[in-house]
Every structure is written in structure tokens, then in C-alpha cells.
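K.L.:
Model the following, please.
(chains A, B, C and D)
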Number of protein chains: 2
Amino acid sequence: MAASRARRPERREEPLSRERIVEAAIGLLDESGEGGLTFRALARRLATGPGAIYWHVTGKDELLGAATDAVVTGAMTAATATATAGATPREAVRSLAVGVFDAIDAHPWIGTQLARAPAQSPLLRIFEHLGRQVQALGVPQAAHFTAASALLNYILGVGGQNAANALERRPDTTRAEFLDTVSTSWANLDADEYAFTRSVADQLRDHDDREEFLAGVDLIVAGITALR
Amino acid sequence: MAASRARRPERREEPLSRERIVEAAIGLLDESGEGGLTFRALARRLATGPGAIYWHVTGKDELLGAATDAVVTGAMTAATATATAGATPREAVRSLAVGVFDAIDAHPWIGTQLARAPAQSPLLRIFEHLGRQVQALGVPQAAHFTAASALLNYILGVGGQNAANALERRPDTTRAEFLDTVSTSWANLDADEYAFTRSVADQLRDHDDREEFLAGVDLIVAGITALR
DNA sequence: GGCATCTATGGAACGTCGTTCCAATGCCTT
DNA sequence: AAGGCATTGGAACGACGTTCCATAGATGCC
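P.N.:
Okay, here's the model as predicted:
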């Protein structure tokens, strides 16, 4: 097995690296959710021991942050491409928002992760791109922060709820079945205490997550443009 | 039987009860955050063993849900009182929103908890009260679900971010110091990649959390009323 | 009253987790 | 060839959620 290959480290099994670890962590998270990310499971997948991982990563928090960062960065670069191609700022905001939405839909663990402390960097990326479109909407400078924050917070709120629903839903039930179950439970709530919720149970049953999300974005954009 | 005994309210130490456990759990969460809620710490505080708690509560998830429920219910009943007293629907929405905001501010662990699965019941309570005010705004029935959802999701998003910030901030630093630190780091970002974020760094430094939050609520309410 | 039964308790124990420690392994320079 | 150093991976530690069980106090039955 000689073959002492030169500089490039690809001869034997590729060595551990922060990148490879983050990649494996994302895989684990996608497959088995937040609880599935374990240093032991990670070590097994990387054919090493738990201790070795700590040479490249300071701990679980940083690893989760890095995984979130990687996914969000990918989603943002993809969304910015279509956003800049799109014409109006309103369409660009929708592209960005739907990019985050889809990323959370594909990786539900991001939803809860974004509502956590050390993930500052991915959030900033989203905030920046949203803010540029707010500028393009012609809002007075003094309202920039408020408008961009409102959009971001709404997106994060939906993301968190989506993640929660993805967690709560049994893996063997379809989305329609799940919606139907919840809608029915809404319809059976106390008539006095939950009058409004009962009255929109049907709208819950028939709604489409993405359309509903975008309708909310439009609502906020409408409120923002009213500031002009 | 009819000859029931109104036995000891406190002959010996008052017995365990779900209520007493939830109360102690809230205290633990408030004092030492999400990580502070431990069945061992809880048992110590209640002068019992970990096993006894499981007789009244099925597990940690349910306990967290019950704690969240208790706090949110309290906040909602308090907020509805002032909301119904207030005149316009817009003011009522603001009262409700600020009620949730203050509750999360006082108990930051709620913020992350509301973006989690089994806490359906407290969310429904908020949703219901928001929805009633949406109705009062005179929005067409078909938009009720969208409007109420947008408000709720925005509130949850802000709550999550607030909770994250409360976690990230060192306990010995004031809010102003923390804001100043973050604002400065924003101002030092890359000029090209983060042009917008840099431009609002000052607005971040000077903003008031609650005012900013309410400005976002107003933005959404403005968008909702535009639907009329 | 005596005995069986049921509710409720709390300590011990199990398995898993994040993390630390450290002896061993290679690779690089000299 | 040798020594230094980055890197590895398995063992061990303490804390966690949870289960188990032996028991205490109250209650039902005769």
C-alpha cells in the first residue's frame, strides 16, 4: 500500500475536515431531525470516533450553526439569482421569501435553528437581501430598519411554524390528511371561546402553505409601500 | 361520597400536584433558562424524587407545554381585558400583540417554545383573539385566515428573535451595551456585501424593541386594512 | 379493628448524550 | 533516522430523561 502520494491528500480515505463534518451533519439532520444529530452518530457516519470531531469543531452549537449557515447561504445565492432577474422589488421580495421558505421546507430543522442565538450570520444574509429590496421600494430611509425587520420576522415566524408542523405530523400521513385532522379539531372547538377559529377551519383545510405564506408577504409589502 | 372530607389543605407538606409542578417549572425556567429545567432540579425544588413527578406529568415535553400554556393564558386574559376596553380594532390588535411581546420578554424561553410542536393550545388562544380583531377590521371573510395568520406569524417571529437575543446577551451587560456591540459589528461589515445592513446600523443602535415591534404590527394592520 | 387495595412517593438504576482526556498514529521537517 | 506536531479515535466522566420498584399513607371491605 505504499504510494506515498504527494501534496494532495486524496490518496487514502479523505481526512476529516470541517466541511465534511458539516456536510454529514446536514445529512443526519435531514434524515432524522434535530434529535438525530449526535456526535456518536456523526462519528459512525464518518468512520471515526467522537473525539476526533472536536479537533475541527468546538461543539454541537457551532456545528448546528455551521450547518444552518451552509444551507441558508445556498438558498440565498439561489434566490438572489432569480430575484435580481425579476423586475419589480415586490417580485424580488417574493423570490427571496420563497427561497427561505423552501429551504426550511426542505430542512425543517432550520426553522427552529434560526430562532436561536448563535446563528447570527445566516440571518444577516437574509436581512441584507430583504433590505435592498426595501430600499428599492422607495421607502423613506428612516423606515428601512422597521420594514426589513418586519419582513424578516414574519418569514422567521412562518418558518418556525412550518418546522413545528413538520415535526408534529406523523411521517406516514400526508399533508392533506394532517390539515384535515387539524381543521376538524378546529371545527369542534368550543363555539363561544373559539368562534373565530371555528369560522376559518375551512380556510385552513383548503389553504396552500406557500400561497398563504406569499399572501402574508404581500400584506406586509403593501403596508410598507403605504409608507411612501 | 357525600361525606367527603375537606381534608388537609396543609396538614403535612402540601402534596405534589400538576399545578405545583408546573409552577416550579416556570420558576426554574425563568431563573436559569431552558437548560435549567431538569427533573432532578425540579425534584430538589419540590423536595421529592424525580420519579414522583412522572405520576403527575407524562414527560418533559408535556411539562414544557403546560408551562408555556400557563404563561400564555395568563398573558392573554390580561391583554384581552385592555383590548376590549380599547376602542378601535387596531388598538386592540396592538394590545394583544404587546401582551404576547411582554410575556416573551418576561419569560424568554416561551419564544423558542412557541415555535415547537406540541404547544398547539396556547397558540390557538392567541390566534383566536387576533382573528376577532381582524373580523372587526372589516376584512372580507375570505382573507380572515391569511390576515390572522400573518399577524400571528409575525408576532412569533419577533418573539423567537427576542428570545434568541436574550439568550445571546451576557447577563451582566445592559441592553444598550448589547445593542451597541451589535450595531458596531454591523457597521464594520463588508461595504459591498452588506451595504444595506451597514446603512441601518444606526437605526439598530437607537431603536426601542417594543416600539419597533409595534411599528411592524402597524405595518401589517395597514396591509390588512388595504384589503377592504 | 384487621386486612387487602389503591394512590402516591422517592430513590436507585439504565441507557444516551455532550464533552474531555489521552495514548497512539501518521506526516513533515531536519 | 529521529523527533516534533497535527490529527485521530476510543475510553471515561458527569448530567440528563426516563423506568422500575419497594414502600408509605390513605381508603374500602369484612
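K.L.:
Can you list the helices and strands that the helix or strand hosting A:Thr82 packs against?
P.N.:
Per DSSP states H and E: A:Thr82 is located in helix A:60-85. With contacts taken as 3 or more CB pairs under 8 Å, 6 or more residues apart in numbering or on different chains; DSSP states H and E, helix A:60-85 sits against helix A:18-32, helix A:89-106, helix A:109-114, helix A:120-136. From N, CA and C alone the C-beta is placed, and that goes for glycine too.
K.L.:
does DNA strand D sit close to that helix?
P.N.:
No - contact of helix A:60-85 with DNA strand D (CB under 7 Å from any atom of the strand) is absent, the minimum separation being 12.0 Å.
K.L.:
That helix: which residues count as buried?
P.N.:
If you call a residue buried by 16 or more other CB atoms under 10 Å in any protein chain shown, then helix A:60-85 has these buried ones: A:63-72, A:75-76, A:79-80, A:83.
K.L.:
Show me where chain A dips below the pLDDT cut-off.
P.N.:
For chain A, residues meeting the criterion pLDDT under 70 lie at A:1-13, A:86, A:117-119.
K.L.:
Point to the residue nearest the middle of it.
P.N.:
Centroid-nearest residue in chain A, with CA atoms, centre = their mean: A:Ile104, separated by 3.1 Å.
K.L.:
pretty sure it is touching A:Ala163, no?
P.N.:
Yes - with contact defined as CB atoms under 8 Å, A:Ile104 counts as touching A:Ala163 (6.2 Å).
K.L.:
excluding its backbone neighbours, what's nearest the residue nearest to the centre of chain A?
P.N.:
For A:Ile104, ignoring the flanking residues on the chain, the nearest one in space by CB to CB, 6 or more residues apart in numbering or on different chains is A:Gly159 at 4.2 Å.
K.L.:
And for that neighbour, the neighbour number?
P.N.:
A:Gly159 has 28 neighbouring residues, counting by other CB atoms under 10 Å in any protein chain shown.
K.L.:
residues in contact with it?
P.N.:
A:Val100, A:Phe101, A:Ile104, A:Ile110, A:Gly111, A:Leu114 (CB atoms under 8 Å, 6 or more residues apart in numbering or on different chains).
K.L.:
what about it, which helix or strand?
P.N.:
Element membership for A:Gly159 (DSSP H and E) is helix A:144-168.
K.L.:
Between helix B:120-136 and that helix, find me the angle.
P.N.:
Computed by axes from the mean of the first three to the mean of the last three CA atoms, to 10 degrees, the angle separating helix A:144-168 from helix B:120-136 equals 130 degrees.
K.L.:
which other helices and strands contact the next helix or strand after helix A:144-168?
P.N.:
Tracing the chain C-terminally past helix A:144-168 and defining elements by DSSP H and E, one meets helix A:175-187 next. Judged by 3+ CB pairs under 8 Å, 6+ apart, the packing partners of helix A:175-187 are helix A:195-199, helix A:201-206.
K.L.:
quick one: the nearest residue in space to A:Phe196 that is not next to it in sequence from A:Glu19, how far?
P.N.:
Nearest residue to A:Phe196 in three dimensions, chain neighbours excluded: B:Gly131, at 3.5 Å (CB to CB, 6+ apart). B:Gly131 sits 47 Å away from A:Glu19, going by CB to CB, to the nearest Å.
K.L.:
A:Val200 too?
P.N.:
Distance, A:Val200 to A:Glu19, using CB to CB: 46 Å.
K.L.:
what about A:Leu227, distance to B:Val139?
P.N.:
Look at A:Leu227 and B:Val139: by CB to CB, they are 20 Å apart.
K.L.:
can you tell me which residues contact A:Val200?
P.N.:
A:Trp186, B:Gly131, B:His144, B:Phe145, B:Ala148.
K.L.:
Return only those of those residues found close to DNA strand C.
P.N.:
Contacts with DNA strand C are made by none of these, judged by CB under 7 Å from any atom of the strand.
K.L.:
Just give me the closest of those to B:Glu193.
P.N.:
Nearest to B:Glu193 among the contacts of A:Val200: B:Ala148, at 37.1 Å, using CB to CB.
K.L.:
And for the closest one, the neighbour number?
P.N.:
Neighbours of B:Ala148 under the rule other CB under 10 Å: 27.
K.L.:
For the residue nearest to the centre of chain A, give me its contacts.
P.N.:
Going by CB under 8 Å, 6+ apart, A:Ile104 touches A:Ile110, A:Gly111, A:Leu114, A:Gly159, A:Asn162, A:Ala163.
K.L.:
A:Leu179 now?
P.N.:
Per CB under 8 Å, 6+ apart, neighbours of A:Leu179: A:Leu204, A:Arg205, A:His207.
K.L.:
any idea how far A:Glu212 is from it?
P.N.:
Counting by CB to CB, the gap from A:Leu179 to A:Glu212 is 11 Å.
K.L.:
Equivalent analysis for A:Thr68, please.
P.N.:
Separation of A:Thr68 from A:Glu212 (CB to CB) stands at 24 Å.
K.L.:
A:Arg20 reaches A:Glu14, doesn't it?
P.N.:
Yes - between A:Arg20 and A:Glu14 a contact is recorded at 6.9 Å, counting by CB under 8 Å.
K.L.:
Looking at those two, which one has more neighbours?
P.N.:
The residue with more neighbours, out of A:Arg20 and A:Glu14, is A:Arg20; 13 against 9, by other CB under 10 Å.
K.L.:
How about the contacts made by that one?
P.N.:
Contacts for A:Arg20 (CB under 8 Å, 6+ apart) come out as A:Glu14, A:Leu46.
K.L.:
element containing the residue of chain A found nearest DNA strand C, please.
P.N.:
Ranked by CB to the nearest atom of the strand, the top residue of chain A for proximity to DNA strand C is A:Gly51, at 3.0 Å. Following DSSP H and E, one finds A:Gly51 within helix A:50-53.
K.L.:
Any residue of that helix touching DNA strand D?
P.N.:
Yes - counting by CB under 7 Å from any atom of the strand, DNA strand D is contacted by helix A:50-53 at A:Pro50, A:Gly51, A:Ala52.
K.L.:
mind listing what the closest residue in space to A:Gly99 that isn't next to it in sequence touches?
P.N.:
Among residues not flanking A:Gly99 along the chain, A:Ala79 sits closest, at 2.8 Å (CB to CB, 6+ apart). Shown in contact with A:Ala79 (CB under 8 Å, 6+ apart): A:Ser95, A:Leu96, A:Val98, A:Gly99, A:Val100, A:His129.
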